[in-house]
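Participant: Got a predicted model here, sequence first, then my questions.
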Amino acid sequence: MLTIYHSNRLDILKDLLIALIKRQPLSNPLQDEQILVQSPGMAQWLRLQLAEELGVAAAINFPLPASFLWEMYIHILPHVPKRSAFNKETMTWKIMVLVKQMLNQDNFAPLKNYLTEDDDDLKSYQLAGKIADIFDQYLVYRPDWILKWEQDDGLDAIPHKQLWQPELWRALVAKTAELNQPHWHRANMHQQFNEKITRGKSVHTLPKRFFVFGISALPPHFIESLHTLSQQTDVHLMITNPCRYFWGDIKDPKYLAKMKSRHFLLNNDQRSERKEPFYKTSSISGDDCTNPLLASMGKLGRDYLYQIHDLDAVDIDAFADIPRTTLLKHIQADILDLADSSSNTPKPEIKKNDTSFRIHNCHSPIREVEVLHDQLLAIFAKHQDITPKDIVIMLPNVDAYSPWIQTVFGSIPKQDPRYIPFSISDNSVRTEHPLLTGVLKLLNIDNSRCTAPELLDLLDIPALQRRFKLNQNDLETLRQWVNDTGIRWGINSHQQSRFDLPIMSINTWQFGLRRMLLGYAMPESSGIHAGILPFDGVQGLNACLCGQLADFLEQIEQLSTSLNQEYSIDEWTRYVNNLLEQFFLPNKSDEYPLKIIHDAMEHLHEQLHDADHQQPLTKSIIVSYLTERIIQRQNSKRFLAGQVNFCTLMPMRSIPFKIVCLLGMNDGAYPRSIDIAGFDLIAQNSRRGDRSRRDDDRYLFLEALLSAQQQFYISYVGKSIIDSSPRAPSVLVTELLNYCQQGFIGQKDPDTPLAEQLITEHPLQAFSPSVFASKSKKENDISLFSYAREWLPAARRKGQRPPPFIVSPLKATNIPDSIEISELIRFFRNTSKYFCNHRLKVFFDDNEKVLAENESFELDGLTQYSLKQELLEALILDQPSTQVLALRQASGYLPHGAFGEVIVDEQVKALTSMSNHIRDLTTSETLEEDIEIGLNIGDIHLCGWLKQLYSGGLIRYRPSPIKGKDIITTWIEHLCYCATRPSRSTRLIGLDHKKRTYQQRTFNNLPADKAIDYLDALMSVYKEGLTYPQPLFPETALALLNSTGDDEQAVKRARLCFEGNPHGSGNFAEGDDPYISRIYPSFDSSYQTIRELSIDVLNPALSHSKAGGSS
């Protein structure tokens, strides 16, 4: 007998199930109860509920519908195998071979066109998989087609371009028969199974009863089989039905025109033939009784209920009235009663403190998670009866949000009162086990460019590090070496040639490794040896690390060569096992990902054996297969573990929770868009009950809405993180908002549309002052608030001038007795940095480099400057620029071939005038010996050496325009020079890029006592700079003092130098220096002290020097 239970609450169905098990126990205690469920999540929830009520939940099976029905086939039909010869995986391999054999037939022309240029068989494999998936859908949803095709019938209804499908199916059946495999598939099994059950054959093997619990939809053939089984055993079909009235024929007004052909009206005579009133009869008929939400989102459930409506069954209604106490309850009650509140007069009013349904508009996924955390804390604070296990958080894509969940929820210590226990389910195993990603990357290494970041990412995998005896410190060293040796991509020149590029070893891993190995034997200063420029970084114990890198690269090269071949499945299994052994040293945490790989290869072996596929497989097919298998494996072990659970919408569908939260409800993200194959005949000839991912998503949303007992929470990214431009939410959210807008009025502000009242717009940053301004979170107000006290200091400062970096000078301790000239110069070049580094021991420099993936085609600023420096030295010494070109290209920091030559030629032209001038000076004057400086400046001894001394004085030059830092540096050296050897001048020479000539500033000679006085003044600034950061900014000071206009114009130029041009790009702003910006964030607030110090330090240098250059 078939008994159908209808209820709008899953917990009522659960109670009915428990009552039946208690009151009517199975006569055979050794027989298990069979309860069919739609997901493991439902099974786990139901098992816990049964254990709580019954004391123990033993001898109960929770099969999925497909596996249960297959077991029934095995019991009733003869010679049914455990695994069908027509399962999707086996069909894939058979179809792959058959399609190749049939490509020259006329009907297969569309496939032949697609499979051109399929050298590695990947397109054939992927097409076969798609065809197998479509055939599998036919077996479930169009068994009548399959049976007709096997009889060479039913071809008239098939478009001409799709006639290859029945031909291919018959070939598939013939291939299966050729392999002596049973010709059982779901289409013919379904037919014969129903016939045998109807005749009462083998019914003694059937379970005495079974339950179908909480399944939202079943394929038509399964419904028919349930009905057939009910003739011989008790079948209890327990359905979560959102509406107490018949709604199998309601119409969605928005899609009525499009969907008209898909709506079927139930015949009144059929309805009257039921044994019991399946539904209460609504007093309102026709379109007027349509609930918009149920009509729009309920197609999946509507089609399901329509199909079971005419079954010969006993119907039991167990609907529970919903008190209309909150907005959420109003919505749920409207759906239950097939009502539309928009037709009510007056419209229901929603209380001011009603938070049963809220939507949160955020700028980014991480803000969604931050807001969620605050909202949950507020819920826990107000409702003591709500615990983490009463909350479920569902997302369309768990992988996309998993890092942010870990960041927000996982960063709070467990002893912190704000800690919320949580677990993440349904995320891909690849996100938790980098070893799996590593295996896939290694198997595809022959198609990889093997860029520096790619291979170093591989070395970041713990199991691979252990295999090659590396650690994180080693990896940081290797990262520095890779950058410094010019490694960009390619194992060697042979691998680069696979990409149709000229054979050049520069910038390959082999190129860099050779530099490292040669650098262990000789210094870089020895020059190019056998075409290789040594690298100085590999010294002492570092040689061992270089050897480990060489071992890794050798293994990669061997792997890359061996992958470009075809192997049998047995050979591939050994190959993958060898790869795992060769590259990974697993520990206990790696056992699970390794098992996934081994299981996948074993499963592939079984598939190929069943399909009698003996042809060798290409690497592309193996990678595609493993990628698909790994993606399909999800982490679903921690459902209902007493924590807040993050999961997709599928496993927890219909399960009641006090709080149901949906994150990521963005337009385009949900409902999901699925690409439909052009040869899918089901999509072209739809029927009621067909599977639709989009309809399923819509119904999942509706079930989530109905399963919320106290609060339904939605968040989405509704604003651009760049410019705060609006973004639309999911169309389902919009529909729900529109329903609330049209059907209800808010008491809080009757003049404001309810839809606006339901949405809380959150600021871009978690430290926005607005989220800390409200004190009403204890009153459960929806205004902005935050529990993230770590952001409170920043929130209090936002919009205000930040507190000073240092309030008062530090104690004058650790003032050195002696200081070198270079140290004094370092101080004046950046006083803020010197103070932080030497007095506070604080370093803001970002030493992590982003590794380049491509060889150089243009030079960055620093590389360009160093090239000009080398070229200038060579030109001054009258050496050929080709030497610099050779050294630069040997270092990997100059573009290959003619590109590098062009860059060098351009720089030579720019430097020629400057180098000629310097050469004339240095050749016309006598080079003198270096001078050792030893001066007592107050209580500090200034010491050091001055070099590049000529009979005419000091000569200093740099291949760039003269800047403020250069003037201060040269001024200090000039003062030391004059204090030691008076009556000498100093010349500072720079480059004028635009004119391709030189600039020169000549510092006049000074008496020794005058030079000492200036040094004493500088030393006083230095000593003050050790206790308090001095606002001396050389470039800003030079702009301020060099201005030829009035004071206002000078200030404007100085500000532009400090702050940069807000409308420009790539321009210099001295205030952007990480040290300066932290200590002196504002030019205007520090202007007076900046001016005074600029005059004290830089003005003497300018007044005792004269700018000039070539004419």
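Facilitator: Looks like it arrived, so ask away. Numbering: from 1, shown residues only.
Participant: drop to CA atoms for contacts and neighbour counts, all remaining ones
Facilitator: Will do.
Participant: Which segments of this protein make up each domain?
Facilitator: For the chain, the structural domains run 2-78+207-319, 88-183, 356-426+640-797, 431-580, 818-1109, going by automatic domain parsing.
Participant: would you list every one of the helices in the stretch 401-550 of the chain?
Facilitator: Ranges of helices within the stretch 401-550 of the chain are 429-432, 434-443, 452-459, 462-467, 472-484, 493-497, 509-521, 542-562, based on DSSP state H, counting those that start in this stretch.
Participant: and R466, how many neighbours?
Facilitator: 16 (other Cα atoms under 10 Å).
Participant: Tell me which residues touch it, please.
Facilitator: R466 makes contact with 584-586 under the criterion Cα atoms under 8 Å, 6 or more residues apart in numbering.
Participant: same thing but at 7 Å, please
Facilitator: Residues near R466 by Cα atoms under 7 Å, 6 or more residues apart in numbering: L585.
Participant: for T198, same thing?
Facilitator: T228.
Participant: Does N837 touch F843 like I think?
Facilitator: Yes: the criterion here is Cα atoms under 7 Å, and N837 meets it with F843 at 5.8 Å.
Participant: Flag every buried residue along stretch 1046-1066.
Facilitator: Neighbour counts over stretch 1046-1066 (16 or more other Cα atoms under 10 Å) mark 1050-1051, 1053-1060 as buried.
Participant: For stretch 525-535, buried residues please.
Facilitator: Buried, per 16+ other Cα under 10 Å, within stretch 525-535: 532-535.
Participant: For L98, which of the helices of the stretch 401-550 of the chain is the nearest?
Facilitator: helix 434-443 (27.6 Å; Cα to Cα).
Participant: Show me the contact partners of the closest one.
Facilitator: 430, 458, 461, 593, 623.
Participant: switch the cut-off to 10 Å
Facilitator: For helix 434-443, the surrounding residues in contact (Cα atoms under 10 Å, 6 or more residues apart in numbering) are 429-431, 444-445, 447-448, 454-455, 457-464, 556, 559-560, 563, 576, 579-580, 583-584, 586, 590, 593-594, 596-597, 619-620, 622-624, 626-627, 630.
Participant: got it, and stretch 873-886?
Facilitator: 527-528, 531, 533, 867-872, 888-891, 894, 897, 900-901, 903-905, 907-908, 911-912, 914-920, 922-923, 958-959.
Participant: end to end, how far does that stretch reach?
Facilitator: 15 Å (Cα to Cα, to the nearest Å).
Participant: Which residues in that stretch does the neighbour count mark as buried?
Facilitator: Residues 873-876, 881, 884-886 are the ones in stretch 873-886 that count as buried (16+ other Cα under 10 Å).
Participant: again, but for stretch 507-526
Facilitator: For stretch 507-526, the neighbour count (16+ other Cα under 10 Å) marks 507-520, 522-524 as buried.
Participant: For D133, see how far away the residue nearest to P40 when sequence neighbours are not counted is.
Facilitator: Leaving aside its chain neighbours, P40 sits nearest to P651 (6.8 Å; criterion: Cα to Cα, 6 or more residues apart in numbering). From P651 over to D133 the distance is 23 Å, taken as Cα to Cα.
Participant: same thing with N471?
Facilitator: 45 Å.
Participant: same check, this time on I420
Facilitator: Distance, I420 to D133, using Cα to Cα: 42 Å.
Participant: Compare the domains of the chain and give me the one nearest I331.
Facilitator: Closest among the domains of the chain, using Cα to Cα: domain 356-426+640-797, at 8.1 Å.
Participant: so where's the protein shaky on pLDDT?
Facilitator: Residues of the chain meeting the criterion pLDDT under 70: 202, 251-289, 635-640, 774-782, 797-802, 846-849, 1044-1045, 1062-1067, 1110-1111.
Participant: Just the element for the most centrally placed residue in it, please.
Facilitator: Centroid-nearest residue in the chain, with Cα atoms, centre = their mean: A400, separated by 5.3 Å. A400 is part of helix 398-409 when elements are defined by DSSP states H and E.
Participant: and that helix, what does it pack onto?
Facilitator: helix 365-382, strand 422-424, strand 427-428, helix 429-432, strand 644-647 (3 or more Cα pairs under 10 Å, 6 or more residues apart in numbering; DSSP states H and E).
Participant: Can you tell me which of the buried residues of stretch 873-886 lies closest to Y713?
Facilitator: L885 (64.5 Å).
Participant: Of the contacts of helix 434-443, which count as buried by neighbour count?
Facilitator: For the contacts of helix 434-443, a burial check counting by 16+ other Cα under 10 Å picks out 429-431, 444-445, 447-448, 454-455, 458-464, 556, 559-560, 563, 576, 579-580, 583-584, 586, 590, 593-594, 596-597, 619-620, 622-623, 626-627, 630.
Participant: pretty sure D695 is in a helix, no?
Facilitator: Yes: when classified by DSSP: H, G, I helix; E, B strand; the rest coil, D695 is found to be part of a helix.
Participant: N471 and D133: who's more crowded?
Facilitator: Applying other Cα under 10 Å to N471 and D133 shows that D133 carries more neighbours, namely 18 against 13.
Participant: Next, the contact list for the closest residue to that one other than its chain neighbours, please.
Facilitator: Using Cα to Cα, 6+ apart and skipping the chain neighbours, the partner closest in space to D133 is K88 (6.1 Å). Each residue near K88 by Cα under 10 Å, 6+ apart is listed here: 128-137, 607.
Participant: Dump these into a markdown table; add distance to Y998 as well.
Facilitator: A markdown table is the format used below for the contacts of K88 (distance: Cα to Cα, whole Å):
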| residue | distance to Y998 |
| --- | --- |
| A128 | 70 |
| G129 | 70 |
| K130 | 69 |
| I131 | 73 |
| A132 | 74 |
| D133 | 73 |
| I134 | 75 |
| F135 | 78 |
| D136 | 78 |
| Q137 | 78 |
| Q607 | 76 |
